[in-house]
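Visitor: Fold the following, please.
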Amino acid sequence: MNGVRSAARGAALVAALAAAALTLGASSASSHSLDLTNPKHFFWAPGQSPTASTTGSATNDLVYHGGNVGSGAIGVETTPAVYLVWWGPEWAQGFTTADTGGKLYSSKTLQTYVQSFFANVGGSGWANIQTQYCKDALAGSTTCVGGAGFVTNPLHQLKGVWIDPTPVPSDIIASGLAQNLVDDPIADEARRASAHFGYDANATYIILTPPTAIATGQPVYCGYHTQTTSVDGLGNPYRLQYAFIPWLNENWPGLGTGGCGMHNVNATSDAFGNGIFDGWSIVTGHEYAEAVTDPDNVASVQDGWNDAQTNENGDKCAWTNTQNIALGGHAFAVQPLWSNEAYDATGNGCVVSR
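Guide: Predicted coordinates for the structure are as follows:
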């Protein structure tokens, strides 16, 4: 996803989001650990990016950036794994949410939908697109010819699910999501999740939060991924990849409920959740794929696979040609992922299978 990798490219984002953080006050800031956090790599709703087009360049390859920035750099996740964290008492208590036609669905149906996606994505043709990328290519390479340490595509990549009933700090959303730029309770939750499940250097810990009030006037992002800093005296015992997925089926000002993917592929909802929950597989899949191929993030440097504009394999095909794929006997809405191999062969790098 579009990395904010320089002061010039990050200025607009900081101006748009961090300004809200200044209004939090000392009492709010003191409620968290005040870790220094790495910049986030946002998946913007269509038309919402303050710094660049949501859709990345479709006319250049991903480039490998060495996979060696800082202690503990991994380059790519060679054996991808996913841990899902449903954070907040609402998930434990259960709630309902409506599609655009007013049909109610339970939070349990949503959880089953997302968990089924990750339980079955391993071994799929969609996840197999990632296996052309590796961690031991020469910096500047666009292929892994002669490289090693390839991304693999094992079955059963979902390794754990946790409903954490502790309350979610309200300022994560109420302050326009800006809280997460400088004082990151999401990173704290990811570390708690790694303690709960056990630490896996090749895993992405995905934090999902329930419905809550939102701020007006904020740029709408549907999720982000990043990495905690290395061992540096700031309370991070290890580097880990994590993603944040706020509540997606929101009536965003100016965007409506479809801003983060509701009914993006399926115009009507079925009992499994296709339609109403299309955005959840699109967005979580986007973050998963980018964390696998471009996981490292130290001092704003992404050292994995991204292009000259810092777009990652999800960005370059974001919100384009979304479609259903079959996993485990169910349909799931996904976006294509970028394939250097396909682009070099056909001129079209956005594919849904390899």
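
Visitor: so which helix or strand takes in the residue lying farthest from the centre of the chain?
Guide: Relative to the centre of the chain, the most outlying C-alpha is that of G146, 29.8 Å out, by C-alpha atoms, centre = their mean. G146 belongs to no helix or strand when assigned by DSSP states H and E.

Visitor: Identify the residues contacting Y133.
Guide: Contacts for Y133 (C-beta atoms under 8 Å, 6 or more residues apart in numbering) come out as 62, 64, 76, 144, 150-151, 293, 304-305, 313, 340. For the C-beta atoms, the positions are set from N, CA and C on the backbone; glycine is no exception.

Visitor: swap the cut-off to 6 Å and go again
Guide: 76, 151, 293, 305 (C-beta atoms under 6 Å, 6 or more residues apart in numbering).

Visitor: Return the two entries of these that lie farthest from one another.
Guide: V151 and W305 (9.4 Å; C-beta to C-beta).

Visitor: Which one of the two is surrounded by more residues?
Guide: W305 (32 against 25; other C-beta atoms under 10 Å).

Visitor: and the more buried one, what does it touch?
Guide: Per C-beta under 6 Å, 6+ apart, neighbours of W305: 62, 64, 133, 293-294.

Visitor: 8 Å - rerun?
Guide: Applying C-beta under 8 Å, 6+ apart, the residues near W305 are 62-65, 76, 133, 293-294, 312-313.

Visitor: Same check on V82?
Guide: V82 neighbours (C-beta under 8 Å, 6+ apart): 118, 157-159, 203-204, 206, 288.

Visitor: If it is in a bridge, with which residues?
Guide: L158, T204 (DSSP bridges).

Visitor: Same check on the one 5 residues further on?
Guide: Taking DSSP bridges as the rule, W87 bridges to D164.

Visitor: and for V151 and W305, which residues touch both?
Guide: Joint contacts of V151 and W305 (C-beta under 8 Å, 6+ apart) are 76, 133, 293.

Visitor: Need those in JSON lines (columns: pLDDT and distance to Q241).
Guide: Putting these into JSON lines (pLDDT from 0 to 100; distance: C-beta to C-beta, whole Å) gives the following:
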{"residue": "V76", "pLDDT": "98", "distance to Q241": "11"}
{"residue": "Y133", "pLDDT": "98", "distance to Q241": "15"}
{"residue": "T293", "pLDDT": "98", "distance to Q241": "11"}
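
Visitor: Sweet, I'm off.
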